[in-house]
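# With the sequence up front, the predicted model follows.
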Amino acid sequence: MSEQANIGVVGLAVMGSNLARNLASREGNRVAVYNRSFDKTQLLVSEHPEANFLAAETIDDFVASLATPRTAIIMVQAGAGTDAVIAQLAERFEPGDIIVDGGNALYTDTIRREKEVSAKGIHFVGAGISGGEEGALKGPSIMPGGTKEAYATLGPILETIAAVAEGEPCVTHIGSDGAGHFVKMIHNGIEYADMQLIAEAYDLLRQSGGFSPAEIADIFAEWNKGELESYLIEITAEVLKQTDAKTGKPFVDVVLDAAGSKGTGVWTVQTALNLGTPVSGIAEAVFARSLSSQAEQRAGKPELPASAQSWSVEDKPAFVEAVRRALYASKIVAYAQGFDAIRAGAKEFNWEINLGEVAKIWRGGCIIRAQFLNRITDAYRKNESLLSLLFDEYFISAIEASVASWREVVAMAALSGIPAPAFSSSLSYYDGLRAERLPAALVQGQRDFFGAHTYKRVDMEGTFHTLWSGDRTEVQTD
Ligand code: 6PG
């Protein structure tokens with residue numbers, strides 16, 4: 001066994017330790033490990049002698065233990081900590097070596113870091129790693145950016161640890177500089193939308209269907225056998241099955257209904273707004289978490305008028321199926337919008353991102369892994385320049401089978417006073433995409449009236465303005 005490592009990991013919290021263990025468990029890898037506090041390194045080594053780690057007490061020992069081209073994956077908290085470790089490695093690495101940031105870094109930070117580090121001839125790779133602690137240990141989905149040259153060395157190592165779907169490793173070179181972290185960010189945005197949609201389906205089944213958490217767990221477990229099969233549906237059934245040991249109540253009933261967020265969903269929406277690409281389902285998911293956390297406002301609310309009707313569900317199986325269809329249709333919109341955002345980002349930042357390859361590596365290992373990602377892979381394989389996933393014939397027929405139920409569920413949720421922001425915004429987005437004429441024409445008139453912001457006409461080229469405060473004649477401005 002080589003006395004030098006072909007890969008190193010810096011930062012041995014749970015994710016870093018699990019990734020190091022995963023790497024060490026694979027044929028051909030010798031793994032160097034380093035942590036600022038050495039006792040964590042010693043604990044990892046003592047708990048896992050089988051990993052045969054090269055344990056370094058100092059960063060110099062760590063660098064010395066790496067065979068060239070030195071390749072190190074940083075697994076520390078995104079932010080200043082990452083910058084500090086990058087600086088330590090960049091001081092000691094040589095041209096051709098590779099620094100990988102495996103944290104949830106903001107892609108603009110990665111673009112900046114890549115510029116700084118590559119100026120020294122050292123490769124910098126921002127790699128999204130999805131799948132949580134279990135994924136890091138058993139097989140994550142990995143989204144590395146950076147140069148093709150770096151990927152020539154790094155890719156084969158990552159392929160040894162990535163999840164495998166349909167016989168293929170869930171890792172691919174996403175694109176240059178920040179492309180990998182950008183795609184990971186969109187992954188997290190879709191994750192937010194997916195989780196919100198599932199939560200809304202649960203709320204409807206609970207409030208209108210009158211099902212208990214345990215019964216809804218069974219419904220989700222059943223749904224997980226069909227087109228909704230996915231990690232998030234699977235774990236939702238587990239969460240809803242859980243009872244609280246202290247009270248014997250359903251676990252979901254003792255949890256405070258205020259959702260947290262580490263921020264990646266917020267980044268997705270901010271970025272989409274800047275790129276001018278709608279991510280309504282993701283945005284509503286982010287805002288739903290914000291609303292749930294408005295403790296003072298929610299505690300201080302007066303009795304608010306509702307005029308809600310009680311949705312009397314006579315045919316429960318039909319109701320459950322309608323909610324399932326509404327969930328699937330809304331999920332398709334969320335993924336379609338996510339892929340649109342990736343395309344918009346690629347255009348803005350000059351990345352060559354293959355959307356089919358992204359769908360392919362999301363089929364396993366990551367939090368949004370789902371059976372229907374095979375369908376998305378197929379759609380982009382058939383037509384890489386698909387203008388929207390919603391225009392692919394498979395998804396057209398999937399929506400066709402669901403849209404009546406989708407409308408019924410959204411309408412009944414509104415009539416019943418049950419909040420379903422992601423369901424309803426996804427349906428409105430779909431109807432907006434379908435519409436031959438949008439009320440944006442009136443918005444243009446309003447903008448021209450108060451701000452002389454001009455407008456285009458449907459029947460002739462050019463830009464126009466109406467003299468609203470004068471004789472209201474129209475003038476052509478270019
Ligand atoms: C993943 C997860 C991971 C993290 C979430 C939590 O892909 O493995 O997405 O990155 O657990 O980002 O994010 P929130 O705290 O924002 O829900």
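Structure's in. What do you need? If you're wondering where the values come from, they're calculated on a predicted model, not measured in any experiment.
# other SSEs contacting the longest strand seen in the chain?
Using DSSP state E, we find that the single longest strand of the chain is strand 123-130. Using 3 or more Cβ pairs under 8 Å, 6 or more residues apart in numbering; DSSP states H and E, the elements in contact with strand 123-130 are strand 98-101, helix 107-118, strand 141-144, helix 148-161, helix 179-207. C-beta here means a position set from N, CA and C on the backbone, and glycine is covered the same way.
# What segments of the chain are strands?
For the chain, applying DSSP E gives strands covering 7-10, 31-34, 54-56, 71-74, 98-101, 123-130, 141-144, 164-165, 168-169, 464-466, 474-476.
# tell me which parts of the chain are close to the ligand?
Residues of the chain found near the ligand (Cβ under 6 Å from any ligand atom) are 104, 130-132, 188, 191, 260-265, 366-367.
# Just the buried residues of those.
In terms of neighbour count (16 or more other Cβ atoms under 10 Å), the buried residues within the residues of the chain next to the ligand are 104, 130-132, 188, 191, 264-265, 366-367.
# In stretch 310-330, which residues are buried?
Of all the residues in stretch 310-330, those buried under the rule 16+ other Cβ under 10 Å are 311, 313, 319-320, 322-330.
# now the closest residue to the ligand within the stretch 51-200 of the chain, nearest residue through space, not along the chain?
Of all residues in the stretch 51-200 of the chain, the one sitting closest to the ligand is S130 (3.2 Å; Cβ to the nearest ligand atom). Closest residue in space to S130, ignoring its immediate chain neighbours: C366 at 3.6 Å, by Cβ to Cβ, 6 or more residues apart in numbering.
# Q476 too?
Excluding the flanking residues, the one nearest Q476 by Cβ to Cβ, 6+ apart is G462, at 5.0 Å.
# same thing with Q444?
Closest residue to Q444 apart from its sequence neighbours, by Cβ to Cβ, 6+ apart: Y455 at 4.1 Å.
# coming back round to it: with mean pLDDT added, can I get the strands of the chain in a markdown table?
Shown next, in a markdown table, are those (pLDDT from 0 to 100):
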| stretch | mean pLDDT |
| --- | --- |
| strand 7-10 | 98 |
| strand 31-34 | 98 |
| strand 54-56 | 97 |
| strand 71-74 | 98 |
| strand 98-101 | 98 |
| strand 123-130 | 98 |
| strand 141-144 | 98 |
| strand 164-165 | 96 |
| strand 168-169 | 97 |
| strand 464-466 | 98 |
| strand 474-476 | 98 |
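# Save the ones you listed as TSV, and put in distance to A288 too.
Shown next, in TSV, are the strands of the chain (distance: least, Cβ to Cβ, whole Å):
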stretch	distance to A288
strand 7-10	36
strand 31-34	40
strand 54-56	45
strand 71-74	33
strand 98-101	30
strand 123-130	22
strand 141-144	25
strand 164-165	30
strand 168-169	35
strand 464-466	40
strand 474-476	44
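# which one of these lies closest to E91?
strand 98-101 (11.2 Å; Cβ to Cβ).
# Residues contacting that closest one, please?
For strand 98-101, the surrounding residues in contact (Cβ atoms under 8 Å, 6 or more residues apart in numbering) are 69-74, 82, 86, 89-90, 93, 110, 113, 117, 122-127, 144, 146, 150, 153-154, 181.
# Could you tell me which strands sit next to it in the sheet, and their orientation?
strand 71-74 (parallel), strand 123-130 (parallel) (DSSP bridges).
# Would you mind putting the CA coordinates of it into CSV?
The C-alpha trace of strand 98-101 is given here as CSV (Å, rounded to 0.1, in the frame of the first residue of the first chain):
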residue,chain,number,x,y,z
ILE,A,98,-6.1,20.3,-7.2
ILE,A,99,-8.0,21.9,-4.4
VAL,A,100,-11.7,20.8,-4.1
ASP,A,101,-14.3,22.6,-2.1
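# That one: how far from the chain's middle?
In terms of Cα atoms, centre = their mean, to the nearest Å, the gap separating the centre of strand 98-101 from the centre of its chain is 22 Å.
# Once you drop chain neighbours, what's closest to whichever residue of the stretch 251-400 of the chain sits closest to the ligand?
Relative to the ligand, the nearest point of the stretch 251-400 of the chain is K262 (3.5 Å; Cβ to the nearest ligand atom). Computed as Cβ to Cβ, 6+ apart, the closest residue to K262 that is not its neighbour in sequence is N104, at 7.1 Å.
# Now for the residue lying closest to A283 once chain neighbours are set aside, how many residues are close by?
Spatial nearest neighbour of A283, excluding adjacent residues (Cβ to Cβ, 6+ apart): V269 at 4.7 Å. Using other Cβ atoms under 10 Å, V269 has 20 other residues around it.
# list the contacts for V269?
189, 279, 282-283, 286 are the contacts of V269 under Cβ under 8 Å, 6+ apart.
# how about 6 Å then?
Residues in contact with V269 (Cβ atoms under 6 Å, 6 or more residues apart in numbering) are 282-283, 286.
# Mean neighbour count, the strands paired with strand 98-101: which tops it?
Stretch with highest mean neighbour count among the strands paired with strand 98-101: strand 123-130 (a mean of 28; mean count of other Cβ atoms under 10 Å).
# Could you give the separation of stretch 253-263 from the chain centroid?
Relative to its parent chain, stretch 253-263 has a centroid offset of 18 Å by Cα atoms, centre = their mean.
# Now do that stretch, average pLDDT.
For stretch 253-263, mean pLDDT rounds to 96.
# shouldn't the residue nearest to S130 be in contact with G128?
No - the criterion here is Cβ atoms under 6 Å, and C366 misses it with G128 at 8.7 Å.
# give me the low-pLDDT residue ranges for the chain?
Flagging of the chain using pLDDT under 70 yields the residue ranges 1-2.
# Relative to K382, how far out is S388?
Going from S388 to K382 by Cβ to Cβ, to the nearest Å gives 14 Å.
# Mind giving me the packing neighbours of the lengthiest helix in the chain?
Criterion DSSP state H: the longest helix present in the chain is helix 316-349. Here helix 316-349 touches helix 179-207, helix 264-275, helix 393-416, helix 421-434, going by 3 or more Cβ pairs under 6 Å, 6 or more residues apart in numbering; DSSP states H and E.
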